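Visitor: sequence plus the predicted model coming up.
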Amino acid sequence: MKDVHGKVQGLKASQLRRLERLHQRNGSKRALCEPALARALTEAAVDTGRIVGVLLDRKGGVTDVILGEATRLYLPDIGRLRAGPGRLRGLRLVVARLQPKDASKPWGVDHDFITDLQRLKLDAIVQVEARVGGDDEGLPGRVAVAMLLPDASDDADDSDRVRIDQHRAVHDIDLDFDVTIEALESELARNAESARDAAVVAGEREVAVLVGVYVAKDGMNRAEATASMAELRELASTAGVRVVDEVIQLREEIDGRTVVGSGKLEELCLMALHRGAEMLVFDRELSPSQLNAITDLTDLKIVDRTMLILDIFARRARSREGRMQVELAQLRYSVPRLAKKQTGLSRLTGGIGGQGPGETKLEIDRRRAKEKITRLEREIDQFSADRELRRRRRDERGVPIIAIVGYTNAGKSTLLNRLTGASVYVANELFATLDPTSRRLRFPHEREVVLTDTVGFIRDLPEPLKNAFRATLEELHEADLLVHVVDAKDPRREKHIDAVVDVLDELGLEKTPRLLVLNKSDAHPGIKDPALDFEARSRGAVRVSALGGEGLERLVNRMAEVLFEQDVVGENESWTTPLLPPDAVPGLSIMLVRDP
């Protein structure tokens, strides 16, 4: 005899046998609830004084018997969802609850059962009233049936997502369940397919709900939280994620286990289900314990800000060195987050001749990851040595180095292309450039410099990325000038400037000369407003448009003043599209062309 789920301690032997016999009940695949099953449930509910329920499969067989409390029923673990878009669980819940003391009170489906219906994607909920007192004690009374609606809009309330039908008795349910559930799943699958096709057309891979959790006592207000979420939305878009909803939570302190709290997490899971999302993206780095605790409570994919950035870097890396650096960062991030999520990970491996249980699968995974980290670090160190050799050769020739730095998507690659005639990939998206690119720029009077386009910075740059990209960031230590490019049209540019300065200071570059460049000035709504010119003068910055070419003469002269203490472009000269000299190597040696 199968076990009964729930607290059965204290039950009489006859009560326990009554519950166990419910496993022998068989329903029908066409009838939502057989009258005989309903009566057996109501009799058991009256006998125990608690809620009694059963889970039925599509054929009407009882898979689980559940004994609840007087006012609540806790469902057992019923496994993962069935595969395929728009599929329901394949189980329906039939429960019997004691008749309320006020018999005239409206009868319906409890809110907790509605939550279970949506969260677990059950086929249906059938709640039967168990009559108490009188000659009909223990008989089934009123019945309420709840099923999901296939075409609920994204902003619909719970009442609009679930259809609830009320009946006076079980016999009054006129529903061919087999046909109804087949039609419902077909409609759900069709809607899911349409949403997936729309995502594919838009170049999106997954659907997500963004979650921003901030501590109010840290000085974070609603406006700053909104700005932070806007950046997370840009990151998600760059990663090919379609955002269907956003949630901002300001707390006195972060919940140490689930970040948002268990109640809020359940609400987020329901919201994701309503919006058709399969992923929650948090605007913070989750600790290994938090990530494991959240994934234990939901089947949704959980991603934090660092994982999102690592995914973008993995898609952007083109060179062998770049791919190795990204892989190293991913391994460093994932090793402490390896956990026994499946029973297979706890298998003991040994073999003939091995003494003791040997290593567990989890230990093997960690050991292999650490071995690969060591190998990647060794290979990246070799790349670093090669870079050092190239830097020494440049130093012997006395060629100054200018490193273009700045917040991601500030226009660094566009500026490099405009100054040198290079063809570095540019796009209006975060981290469009990952691999560093160097080009030689030749000034008149036999002057030349090397311009290096570096990876874009971002607020709270993940520590694994700083460590993995140390070979790339070493280029900054050899720079004679740092050209700090800022998006002048971005209202968050002050925060972006501070974020870049913080990273540069962490790298020990406080004494390296810097030149601030306010890029995209032509797109600024106040370009004719003297206030922006005053801001540039007060900061010692240069206003340019890398895309349109405005202001490049001032920028080139300012760079030459720092490096050579002289101008290279006269007052009546302008910076035009660069041309390759006849003896130049394409993409390496570019000269300044003066207008006649």
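Guide: Great, that's in hand. Residues are numbered from 1 along each chain as shown.

Visitor: number of nearby residues for residue 328?
Guide: 22 (other CB atoms under 10 Å). Backbone N, C-alpha and C define where each C-beta goes, glycine included.

Visitor: swap in the one 5 residues further on?
Guide: For residue 333, the number of neighbouring residues by other CB under 10 Å comes to 21.

Visitor: what mean pLDDT does stretch 515-529 have?
Guide: The average of the pLDDT scores along stretch 515-529 is 67.

Visitor: can you give me the helices for the stretch 101-250 of the chain?
Guide: 111-120, 158-161, 177-201, 222-238 (DSSP state H, counting those that start in this stretch).

Visitor: tell me the mean pLDDT for the longest one?
Guide: Average pLDDT, helix 177-201: 76.

Visitor: make 418 the first number, not 1, from now on.
Guide: Noted, 418 is the first residue going forward, which turns the last one into helix 594-618.

Visitor: by mean pLDDT, flag the weakest helix or strand of this structure.
Guide: strand 1006-1008 (a mean of 35; mean pLDDT, DSSP states H and E).

Visitor: contacts for stretch 590-609?
Guide: 446-450, 475, 501-505, 509, 540-541, 560, 562, 564-565, 567-568, 584, 693 (CB atoms under 8 Å, 6 or more residues apart in numbering).

Visitor: filter these down to the buried ones.
Guide: The neighbour count (16 or more other CB atoms under 10 Å) marks 448-450, 503, 505, 509, 540-541, 560, 562, 564-565, 567, 584, 693 as buried among these.

Visitor: show me what the mean pLDDT comes to for the host helix or strand of residue 480.
Guide: Element membership for residue 480, per DSSP states H and E: strand 479-484. On average, the pLDDT along strand 479-484 is 93.

Visitor: what's the first helix or strand after it?
Guide: Next element after strand 479-484 (DSSP H and E): strand 509-515.

Visitor: quick one: strands adjacent to that next one?
Guide: Sheet pairing of strand 509-515 (DSSP bridges) gives strand 469-473 (antiparallel), strand 541-547 (parallel).

Visitor: next, the angle helix 528-537 makes with it.
Guide: 170 degrees (axes from the mean of the first three to the mean of the last three CA atoms, to 10 degrees).

Visitor: tell me the gap between strand 509-515 and the middle of its chain.
Guide: How far strand 509-515 lies from its chain's middle: 37 Å, per CA atoms, centre = their mean, to the nearest Å.

Visitor: what lies in contact with it?
Guide: 449-450, 454-455, 458-459, 461-463, 466, 468-473, 485, 487, 490, 492, 527, 530, 533-534, 539-547, 549, 557, 594.

Visitor: return a ChimeraX selection command for the buried portion of those residues.
Guide: A single ChimeraX command selects the buried members of these (16+ other CB under 10 Å):
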select :449,450,454,455,458,459,461,462,463,468,469,470,471,472,473,485,490,492,527,530,533,534,539,540,541,542,543,544,545,546,547,549,557,594
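
Visitor: and residue 903, that one's in a strand?
Guide: Yes - counting by DSSP: H, G, I helix; E, B strand; the rest coil, residue 903 is located in a strand.

Visitor: show the contacting residues for it.
Guide: Contacts of residue 903 by CB under 8 Å, 6+ apart are 823, 824, 827, 910, 913, 914, 933, 934, 935, 936, 958.

Visitor: please report how far the nearest residue to the fourth one once chain neighbours are set aside lies from residue 826.
Guide: Put plainly, it is residue 910. Among residues not flanking residue 910 along the chain, residue 903 sits closest, at 5.3 Å (CB to CB, 6 or more residues apart in numbering). Going from residue 903 to residue 826 by CB to CB, to the nearest Å gives 11 Å.

Visitor: got a list of what the closest residue to residue 625 other than its chain neighbours touches?
Guide: Closest residue to residue 625 apart from its sequence neighbours, by CB to CB, 6+ apart: residue 696 at 4.1 Å. Contact analysis of residue 696 by CB under 8 Å, 6+ apart lists 623, 624, 625, 626, 658, 689, 717, 718, 719, 720.

Visitor: where does residue 696 land on pLDDT?
Guide: 88.

Visitor: among the contacts of residue 903, which two are most distant?
Guide: 824 and 958 (14.5 Å; CB to CB).

Visitor: quick one: which of these two has more around it?
Guide: residue 824 (27 against 18).

Visitor: can you pull the contacts of the more buried one?
Guide: 873, 874, 875, 903, 904, 913, 914, 916, 917.

Visitor: let's see that with 7 Å instead.
Guide: 873, 874, 875, 904, 913, 916, 917 (CB atoms under 7 Å, 6 or more residues apart in numbering).

Visitor: follow-up on the earlier one: put together TSV for the strands paired with strand 509-515, with mean pLDDT on each row.
Guide: TSV is the format used below for the strands paired with strand 509-515 (pLDDT from 0 to 100):
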stretch	mean pLDDT
strand 469-473	94
strand 541-547	94
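
Visitor: nearest to residue 739, of the ones you listed?
Guide: Short answer: strand 469-473, nearest of these by CB to CB, at 51.1 Å.

Visitor: give me the contacts around the closest one.
Guide: Contact with strand 469-473 is made by 439, 444, 458, 461-462, 479-485, 490, 495, 508-513, as judged by CB under 7 Å, 6+ apart.

Visitor: again, only using 6 Å
Guide: 439, 444, 458, 461-462, 479-483, 490, 508-513 (CB atoms under 6 Å, 6 or more residues apart in numbering).

Visitor: what's the angle from that strand to strand 479-484?
Guide: Using the same axes, to 10 degrees: strand 469-473 against strand 479-484 is 160 degrees.

Visitor: report the distance from strand 469-473 to the chain centre.
Guide: 36 Å.

Visitor: tell me where the stretch 818-967 of the chain has helices.
Guide: 829-837, 880-885, 887-894, 910-923, 947-956.

Visitor: dump the residue contacts of residue 876.
Guide: Here residue 876 is in contact with residue 916 (criterion: CB under 6 Å, 6+ apart).

Visitor: please report how far it lies from residue 562.
Guide: In terms of CB to CB, residue 876 sits 51 Å off from residue 562.

Visitor: go on, residue 792?
Guide: Applying CB to CB to residue 792 and residue 562 gives a distance of 60 Å.

Visitor: can you give me the pLDDT of the residue of the chain most remote from its centre?
Guide: The C-alpha centroid of the chain is most remote from residue 552, which lies 58.6 Å away (CA atoms, centre = their mean). You'll see residue 552 listed with a pLDDT of 85.

Visitor: do residue 627 as well
Guide: At residue 627, pLDDT is 93.

Visitor: ok, now which ones touch it?
Guide: Here residue 627 is in contact with 649, 660, 663, 698 (criterion: CB under 6 Å, 6+ apart).

Visitor: what's the neighbour count on the residue lying closest to it once chain neighbours are set aside?
Guide: Distances taken as CB to CB, 6+ apart put residue 663 closest to residue 627, at 4.5 Å, once the chain neighbours are dropped. Per other CB under 10 Å, the neighbour tally for residue 663 reads 18.

Visitor: from residue 708, how far out is residue 663?
Guide: 20 Å.

Visitor: tell me which helix or strand the residue nearest the centre of the chain sits in.
Guide: Nearest residue to the geometric centre of the chain (CA atoms, centre = their mean): residue 698, 3.0 Å. Secondary structure from DSSP H and E places residue 698 in strand 696-699.
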